[in-house]
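Q: what shape does this take:
(2 chains)
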Amino acid sequence: DAKTTQPNSMESNEEEPVHLPCNHSTISGTDYIHWYRQLPSQGPEYVIHGLTSNVNNRMASLAIAEDRKSSTLILHRATLRDAAVYYCILRDEGSQGNLIFGKGTKLSVKP
Amino acid sequence: EAGVAQSPRYKIIEKRQSVAFWCNPISGHATLYWYQQILGQGPKLLIQFQNNGVVDDSQLPKDRFSAERLKGVDSTLKIQPAKLEDSAVYLCASSLDPSGRAYNEQFFGPGTRLTVL
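A: Below you'll find the model as predicted:
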C-alpha cells in the first residue's frame, strides 16, 4: 500500500471548520483513500472513504484532488469530542483488507 | 448492534510470563484482525483471519506470539514468554466482508493495554 504524509498535529477552535490534509503522491489508480480516527483510550473508528469523487457522510466530508495526489478531511463544526488522532490510509482494491497506519495527525480542539 | 468486545482491558505482567487476550467480533463478521499499537505510533497488523483460516501473519513474531480463531468466531492472542518491548495496546477488529475488499469498514474494539515489567 502507498504511503501517506500528514502533519503531526493541528489545532482548532470549537464550532469552527477543520481541514485535515493528507498527501499521497504515489497513489495508484486502484487505491481507496480511507480516514479513521482514534479518540483517547479507544480503538480507531472509521470516518469516511473515497476513490475519486468527493464524499459526504454524517461525520465528515472528504475532498479528493483531481489528480488524487492529495485529499482533505473536513469536519464542518469541530466539537471537543472530535479531539483525536486522524489517520489517512490508502488501501488497494485488491488488498486483503488490513489497514497500514502511519502516525496520523493529532487534532486538538479548544473551547 | 454490539461492538467488538475485548478482555481484559488492562494487564500487568512480569517479563517471561505468559498472557492471553480474548476478542469477540461483531456477530456475522467473517474477518478478524489483531493489531499491536505501541505508544505514540499507529496500530500495526499482527494477524488476519478470514473465518477460521489465517490470511496474513507475516508480522506476527511466531517464536512468542500465537493466535487462534475457534469456529470462525472468537479469537485469542497469546504471548509466551513476554518481553519488555511487548508493552502496548492490543486491538482486535472485525469486518463483514469475507473477501476483505478495500472499501470494507473495520470495527475496532477498545483494546487491551499490556504492561510488561
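Q: pull the helix or strand with minimum mean pLDDT from chain B.
A: Within chain B, no helix or strand scores below strand B:53-56, which has a mean of 90 by mean pLDDT, DSSP states H and E.
Q: chain center to whatever helix or strand comes next after that strand: distance?
A: Downstream of strand B:53-56, the first helix or strand assigned by DSSP states H and E is strand B:65-69. Centroid separation between strand B:65-69 and its chain, computed with Cα atoms, centre = their mean, to the nearest Å, is 9 Å.
Q: check which helices and strands strand B:65-69 is in contact with.
A: strand B:44-50, strand B:75-79 (3 or more Cβ pairs under 8 Å, 6 or more residues apart in numbering or on different chains; DSSP states H and E). Where C-beta positions appear, they are placed from N, C-alpha and C, glycine not excepted.
Q: go again with 6 Å.
A: Strand B:65-69 sits against strand B:75-79, with contacts defined as 3 or more Cβ pairs under 6 Å, 6 or more residues apart in numbering or on different chains; DSSP states H and E.
Q: which residues are contacting the strand it packs on?
A: Applying Cβ atoms under 6 Å, 6 or more residues apart in numbering or on different chains, the contact partners of strand B:75-79 are B:19-23, B:32, B:34, B:64-69, B:86.
Q: of the residues you listed, just the buried ones, ChimeraX syntax please.
A: To isolate the buried ones among the contacts of strand B:75-79 in ChimeraX, judged by 16 or more other Cβ atoms under 10 Å in any protein chain shown, type:
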select /B:19,21,23,32,34,65,66,67,69,86
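Q: kindly reformat the contacts of strand B:75-79 as CSV containing pLDDT.
A: Listed next are the contacts of strand B:75-79 as CSV, based on pLDDT from 0 to 100:
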residue, pLDDT
B:19, 98
B:20, 98
B:21, 98
B:22, 97
B:23, 98
B:32, 93
B:34, 97
B:64, 97
B:65, 98
B:66, 98
B:67, 97
B:68, 96
B:69, 95
B:86, 98
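Q: closest to residue A:46 among the contacts of strand B:75-79?
A: residue B:32 (16.1 Å; Cβ to Cβ).
Q: that closest one against residue B:94, yeah?
A: Yes: with contact defined as Cβ atoms under 6 Å, residue B:32 reaches residue B:94; the gap is 5.1 Å.
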